[in-house]
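In: this one's structure only:
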């Protein structure tokens, strides 16, 4: 998902698919973080069940629920 002028509409469209894993507030935080830079996007890879969130396919994003902060894990390794 790329950055759109109507963020709320985008969140509402994808929330039903992700609501089992993240809250609406967490999804908004992920979306804001991933789309902050020009030409960036949020990827929710759901091919293996639980979604893996990425910025631009190559950077994993880990949402730490305890501290409610996002930490960039760096480049995704080729074995994942």
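Out: Yep, that arrived. Small disclaimer: the values here were computed from a predicted structure and weren't measured.
In: every contact and neighbour count from this point should use C-alpha atoms.
Out: OK.
In: quick one: low-confidence ranges for the chain?
Out: 64-80 (pLDDT under 70).
In: where do the strands sit along this protein?
Out: 42-45, 52-55, 59-64, 69-75 (DSSP state E).
In: helices and strands around the third one, which ones?
Out: Helices and strands touching strand 59-64, as assessed by 3 or more Cα pairs under 8 Å, 6 or more residues apart in numbering; DSSP states H and E, comprise helix 24-34, strand 52-55, strand 69-75.
In: quick one: strands adjacent to that strand?
Out: Strand pairing for strand 59-64, using DSSP bridges, gives strand 52-55 (antiparallel), strand 69-75 (antiparallel).
In: report the distance from it to the chain centre.
Out: 8 Å (Cα atoms, centre = their mean, to the nearest Å).
In: please apply the same query to the second one.
Out: Between the centre of strand 52-55 and the centre of its host chain there is 5 Å, according to Cα atoms, centre = their mean.
In: count of residues packed around residue 12?
Out: Neighbourhood size, residue 12 [other Cα atoms under 10 Å]: 11.
In: how far away is it from residue 48?
Out: Going from residue 12 to residue 48 by Cα to Cα, to the nearest Å gives 23 Å.
In: contact partners for residue 36?
Out: For residue 36, the contact set (Cα atoms under 8 Å, 6 or more residues apart in numbering) comprises residue 3.
In: give me the phi and psi angles of it.
Out: Main-chain torsions, residue 36, degrees, to the nearest 10: phi -70, psi -40.
In: just use 43 as the starting number from now, easier for me
Out: Okay, residue one is now 43; in that scheme the one you just asked about reads as residue 78.
In: how close does it get to residue 90?
Out: According to Cα to Cα, residue 78 stands 26 Å off from residue 90.
In: got it, and residue 82?
Out: Here the criterion is Cα to Cα. By it, residue 82 lies 23 Å from residue 90.
In: so between those two, which is more surrounded?
Out: The neighbour comparison of residue 82 against residue 90 (other Cα under 10 Å) goes to residue 82, with 16 against 7.
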